[in-house]
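1. What follows is a predicted protein model with its sequence.
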There are 2 protein chains.
Amino acid sequence: MKIETDLMRGAGPAAVLKLLERRPMYGYELVDALDRATQGVLAMGQSTLYPLLYNLEAKGLIEGYWRQADDTGKERKYYRLTPRGRKRLAADARQWRRLTAAMSALGVVSFVPGVAR
Amino acid sequence: MKIETDLMRGAGPAAVLKLLERRPMYGYELVDALDRATQGVLAMGQSTLYPLLYNLEAKGLIEGYWRQADDTGKERKYYRLTPRGRKRLAADARQWRRLTAAMSALGVVSFVPGVAR
DNA sequence: GTGGCATACTATGCCACGCCAAGTATACGG
DNA sequence: CCGTATACTTGGCGTGGCATAGTATGCCAC
């Protein structure tokens, strides 16, 4: 189900940025969301996700802030996209389009461009 | 034009295996073929490709053999797929289909499955 | 009330691998 | 005969996924 490590390197950051584009989320929530949204393909453990978040924050692509949860009242660390993160996500999307096109050209996969959204 | 390092990690080996599936090639030829076939997207330097070849050979996915070139008469080191390499390529293709589907589900890219070939 | 389990975040260290840089060797064209 | 293209090899650095472990809190069954 899960993809191999070296694919995760390329896809992980872009996937997280994409999820955070919709709405701010906290770490544990992201672990679950990634798993569900991709049917386990991009499922990553906590020890992969948290350092990834710290890394994205250090690069100024996302920013974290502590906020009390509505349900439990417990403090959770939410992350949201920064303007730079939005630009990076757009750049990542371009890279992925190019890459998918290249892999199709080689015949590794057979995907064709779909409708833009 | 060129994709970033972490994408190359996931795509590089599969791309090389795919090229070698058609016919045996030698290192320098592969550098050029990768560049041309993907419009520079998967272009990699010699210091990336050669170690990659050694690595694939160590894993038993390809095998190298010295052979005299038809044109110059010079010895070149050709590589061909092993049966295990063929299986690995099929597995890589499955991973890439899953990954592309996952990235599409997230909305990072908008590609849809094309016709099988 | 307490022991176990789910939730939620942090920290340490290993290992693989892309790539920069540098080196070697041969053939060919001017 | 010297520069350039071809062709292969090697050393070392930096990045980042992931296994492992640790901390803390809230909930629920018994």
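-> Yes, it's here.
2. Pull up the gap between the most centrally placed residue in chain A and chain B, please.
-> Central residue of chain A (CA atoms, centre = their mean): residue A:16, 1.6 Å from the mean position. According to CB to the nearest CB, to the nearest Å, residue A:16 and chain B sit 10 Å apart. For the C-beta atoms, the positions are set from N, CA and C on the backbone; glycine is no exception.
3. Now do the SS call for that residue.
-> Here residue A:16 is recorded as helix under DSSP: H, G, I helix; E, B strand; the rest coil.
4. Contact partners for it?
-> Going by CB atoms under 8 Å, 6 or more residues apart in numbering or on different chains, residue A:16 touches A:30, A:34, A:49, A:52, A:53, A:56.
5. Going toward the C-terminus from the strand or helix carrying the fourth one, what's the next helix or strand?
-> It stands for residue A:52. For residue A:52, the host element (DSSP states H and E) is helix A:46-58. Going down the chain from helix A:46-58, the next helix or strand is strand A:62-68, by DSSP H and E.
6. Now do the longest helix along chain A against helix A:46-58, angle only.
-> Using DSSP state H to define each element, chain A has its longest helix at helix A:83-106. Taking axes from the mean of the first three to the mean of the last three CA atoms, to 10 degrees, one finds that helix A:83-106 is oriented at 120 degrees with respect to helix A:46-58.
7. Quick check: buried residues in helix A:83-106?
-> Within helix A:83-106, the residues that qualify as buried are A:85, A:88-89, A:92-93, A:95-104, A:106, counting by 16 or more other CB atoms under 10 Å in any protein chain shown.
8. next one: stretch A:1-12
-> Within stretch A:1-12, the residues that count as buried by 16+ other CB under 10 Å are A:3, A:6, A:7, A:8, A:9, A:10, A:11, A:12.
9. And for the fifth one, nearest residue in space, chain neighbours not counted?
-> The shortest distance from residue A:9 to any residue other than its chain neighbours is 4.1 Å, reached at residue B:6 (CB to CB, 6 or more residues apart in numbering or on different chains).
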